[in-house]
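Asks: generate a structure from the sequence data that follows.
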Amino acid sequence: QVQLVESGGGLVQAGGSLRLSCGASGRTFSSYAMGWFRQAPGKEREFVAAINRSGRSTYYADSVKGRFTISRDNAKNTVYLQMNSLKPEDTAVYYCAADLSGNYYYAHAYAYWGQGTHVTVSS
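Replies: A predicted model of the protein is given here:
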């Protein structure tokens, strides 16, 4: 069992930056690949980024590639999402999730989810 808690969301102007954090409980954090997803009002949840267990491999949606960076610190049981050059279309609730399956891009493959943190980007 893994419990995930996101933080770091808020209101930012277009072009600004935010850093999301996701802390995990338990001593098996390094056993999971981790992902970030987002869901905007009226839209389906979509993949944003993922990182493998060691942190050596990362994966991004085309819409955030070059602007967002995912990283993890297994000693701190934490995964991060650094978001730069934010756009109004990045406005959403952002969720972190833990995965054992290796199917990083698919929400249904993730076993554990946080409660989400709101990100609002004003134009």
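Asks: within the helices and strands, which one has the residue lying closest to residue 34 once chain neighbours are set aside?
Replies: Computed as CB to CB, 6 or more residues apart in numbering, the closest residue to residue 34 that is not its neighbour in sequence is residue 79, at 4.3 Å. In short, each C-beta sits where N, CA and C put it, glycine included. Secondary structure from DSSP states H and E places residue 79 in strand 78-83.
Asks: which strands and helices lie in contact with the very next helix or strand once past that strand?
Replies: Toward the C-terminal end, the helix or strand that comes next after strand 78-83 (DSSP H and E) is strand 92-99. Using 3 or more CB pairs under 8 Å, 6 or more residues apart in numbering; DSSP states H and E, the elements in contact with strand 92-99 are strand 4-7, strand 18-24, strand 33-39, strand 78-83, strand 110-113, strand 117-122.
Asks: make CSV from these and add distance to residue 68, mean neighbour count and mean pLDDT to it.
Replies: Putting these into CSV (distance: least, CB to CB, whole Å; neighbours: other CB atoms under 10 Å; pLDDT from 0 to 100) gives the following:
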stretch, distance to residue 68, mean neighbour count, mean pLDDT
strand 4-7, 15, 18, 97
strand 18-24, 9, 20, 98
strand 33-39, 8, 24, 97
strand 78-83, 5, 23, 98
strand 110-113, 18, 18, 94
strand 117-122, 11, 17, 98
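Asks: could you dump those strands to JSON lines with distance to residue 95?
Replies: Shown next, in JSON lines, are the helices and strands packed on strand 92-99 (distance: least, CB to CB, whole Å):
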{"stretch": "strand 4-7", "distance to residue 95": "7"}
{"stretch": "strand 18-24", "distance to residue 95": "9"}
{"stretch": "strand 33-39", "distance to residue 95": "5"}
{"stretch": "strand 78-83", "distance to residue 95": "11"}
{"stretch": "strand 110-113", "distance to residue 95": "6"}
{"stretch": "strand 117-122", "distance to residue 95": "8"}
